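Asks: Predicted model, plus sequence, below.
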There are 2 protein chains.
Amino acid sequence: MAVKSEHIPKATIARLATYIQVLSEFKREGTDVVSSERLAEACSVNSSQIRKDLAYFGEFGVRGVGYYVQELITSIKRSLGIDRAWNCALVGVGNLGRALLRHREFSRKGFIIRGAFDCDPYKIGEVVEGMEIVCSRQLPAKVKELGLEIGVITTPPERAQRAANYLIGAGIKGIINFAPARIAVPKHIHLEYVDFFHYFYAAAFHIRFDDTRD
Amino acid sequence: MAVKSEHIPKATIARLATYIQVLSEFKREGTDVVSSERLAEACSVNSSQIRKDLAYFGEFGVRGVGYYVQELITSIKRSLGIDRAWNCALVGVGNLGRALLRHREFSRKGFIIRGAFDCDPYKIGEVVEGMEIVCSRQLPAKVKELGLEIGVITTPPERAQRAANYLIGAGIKGIINFAPARIAVPKHIHLEYVDFFHYFYAAAFHIRFDDTRD
DNA sequence: AAGAATCTGTTCCAAATTTCACAAATTCCA
DNA sequence: TGGAATTTGTGAAATTTGGAACAGATTCTT
């Protein structure tokens, strides 16, 4: 599935994820066809926003009818590149790492954590959720052996850069960094920062702002 | 701390959180003063972006000098409203809920989970991380008693709306929804959705995109 | 079968956001 | 002390994003 346009806004990608979520709900409820208007309402966005977001990737609707729910889900998934499984490496098996390893939703959504790595000798060899923790030095071998493409960093902040270096050296294509630290990567590596405190900060700011106003 | 401007972009709030993170790193390294240029580089943004983001809230720098690191951290925290503690209620003590309850970083960052709620009779009374799980029906009483302001939803998706209703009825001011479901709230309630699969989708999309190009 | 009704895809315009560029303020150094 | 070197804060330009409006395609109705 090719994209029609050169650059696609980050915000569009984020919304597509929301559309999938809501469309899946529609599907469960037994709705077969949905208009951009109805989908827009459920997603709290403008309906032309939806049509425009989809237009980046192709024409998925039928004029006068709307979008076939299942078909649209499939199209969006293909557009995002999540119509197949992605093999992931998790580096740093602390509290957060363990929580992610236990989180069943990952494999359900097609992100399969196939390797758990740590450089702590006390952790190496331990089995978490049926997966043996392996020394980070084995990353190059394992990345090749298992076809790992996405690296997930869940180390303490001070070890995030080293984890990234291991992953990059091992030939990973993208990194999702849960550690609260900025890291440097070559520009051909796709990097995403995950920090849910951002959401708490935003909430605090807006609530506080409400208070200030009156 | 009053804001100088009416509306502040969501993206600015997100970046301020990043600035704090990087500034804290500078502080640990012993750097006392930093220029917008240097901070910008560490955050991978434009330096006037930083100056403009800060200008929404006030004048924190010294011309010809830069910003005093500690002072700027304090100013940003005050601007965001995180210069004080926020009492939180967590609803839904499943895998994710337990992981968050165990996550020490919350109280370190000033978001203190003071109540854990669930409507499963088997869970009620259980103690997690020193906190007793309480029936969701007790939310109104507990919100008043403990001064809870932010609700954190970590239920399965089908119970997210009910959790939200309980929280809203109990007088909470903001909701952070970790459940993969859209929820409806009155507009005076601030609502944030957290879904880290968004980041995985974005990574998948960009990696796949790279592949497509050559 | 033709006209009304519906709903997408897209163009055009407005609003918001980012970046540039420079005046104003401060420090450094001779 | 005065002029060079910095570096912020900000107005204006450039870019990006979002929304309104409408032509084009499809279905419904009589």
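Replies: Thanks, I have it.
Asks: Nearest to DNA strand D: which residue in chain A?
Replies: Residue nearest to DNA strand D within chain A: A:Gly64 (2.4 Å; CB to the nearest atom of the strand). Just so you know, the C-beta spots here come from the backbone N, C-alpha and C atoms, and that holds for glycine as well.
Asks: Which residues of chain A lie near DNA strand D?
Replies: By CB under 7 Å from any atom of the strand, the part of chain A that sits against DNA strand D consists of A:7, A:9-12, A:45-46, A:48-49, A:51-52, A:62-65.
Asks: Between those residues, which sits nearest A:Trp86?
Replies: A:Lys10 (19.2 Å; CB to CB).
Asks: Surely the closest one is in contact with B:Phe205?
Replies: No: with contact defined as CB atoms under 8 Å, A:Lys10 and B:Phe205 do not form a contacting pair (10.1 Å).
Asks: Have a look at the two and say which one is more surrounded.
Replies: B:Phe205 (22 against 11; other CB atoms under 10 Å in any protein chain shown).
Asks: Doesn't that one lie inside a strand?
Replies: No: residue state for B:Phe205 (DSSP: H, G, I helix; E, B strand; the rest coil) corresponds to helix; a strand is not indicated.
Asks: Centre of the chain to the longest strand belonging to chain A, how far?
Replies: The longest strand of chain A (DSSP state E) is strand A:111-118. Chain-centre distance of strand A:111-118: 15 Å, with CA atoms, centre = their mean, to the nearest Å.
Asks: Check which helices and strands it sits against.
Replies: strand A:86-91, helix A:95-102, helix A:105-108, strand A:131-135, helix A:139-146, helix B:197-213 (3 or more CB pairs under 8 Å, 6 or more residues apart in numbering or on different chains; DSSP states H and E).
Asks: Identify the residues contacting A:Lys144.
Replies: Shown in contact with A:Lys144 (CB atoms under 8 Å, 6 or more residues apart in numbering or on different chains): A:Ala170, A:Gly171.
Asks: Distance of it relative to A:Pro121?
Replies: 24 Å (CB to CB, to the nearest Å).
Asks: what sits up against the longest helix seen in chain A?
Replies: Assignment by DSSP state H gives helix A:10-29 as the longest helix of chain A. Here helix A:10-29 makes contact (CB under 8 Å, 6+ apart) with A:34, A:39, A:42-43, A:45, A:49-50, A:53, A:56, A:69-70, A:72-73, A:76-77, A:79-80, B:180-182, B:193, B:195, B:197-198, B:201-202, B:205.
Asks: Narrow those residues to those in helices?
Replies: A:39, A:42-43, A:49-50, A:53, A:69-70, A:72-73, A:76-77, A:79-80, B:197-198, B:201-202, B:205.
Asks: Pull the contacting residues for A:Ile204.
Replies: Not Ile; residue A:204 is Ala. A:Ala204 sits next to B:Leu80, B:Gly81, B:Ile82, B:Trp86, B:Phe111, B:Ile150, B:Gly174 when contact means CB under 8 Å, 6+ apart.
Asks: Throw those residues into JSON lines and include pLDDT and neighbour count, thanks.
Replies: Output for the contacts of A:Ala204, formatted as JSON lines (pLDDT from 0 to 100; neighbours: other CB atoms under 10 Å in any protein chain shown):
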{"residue": "B:Leu80", "pLDDT": "96", "neighbour count": "22"}
{"residue": "B:Gly81", "pLDDT": "95", "neighbour count": "20"}
{"residue": "B:Ile82", "pLDDT": "96", "neighbour count": "22"}
{"residue": "B:Trp86", "pLDDT": "98", "neighbour count": "24"}
{"residue": "B:Phe111", "pLDDT": "98", "neighbour count": "24"}
{"residue": "B:Ile150", "pLDDT": "98", "neighbour count": "24"}
{"residue": "B:Gly174", "pLDDT": "97", "neighbour count": "27"}
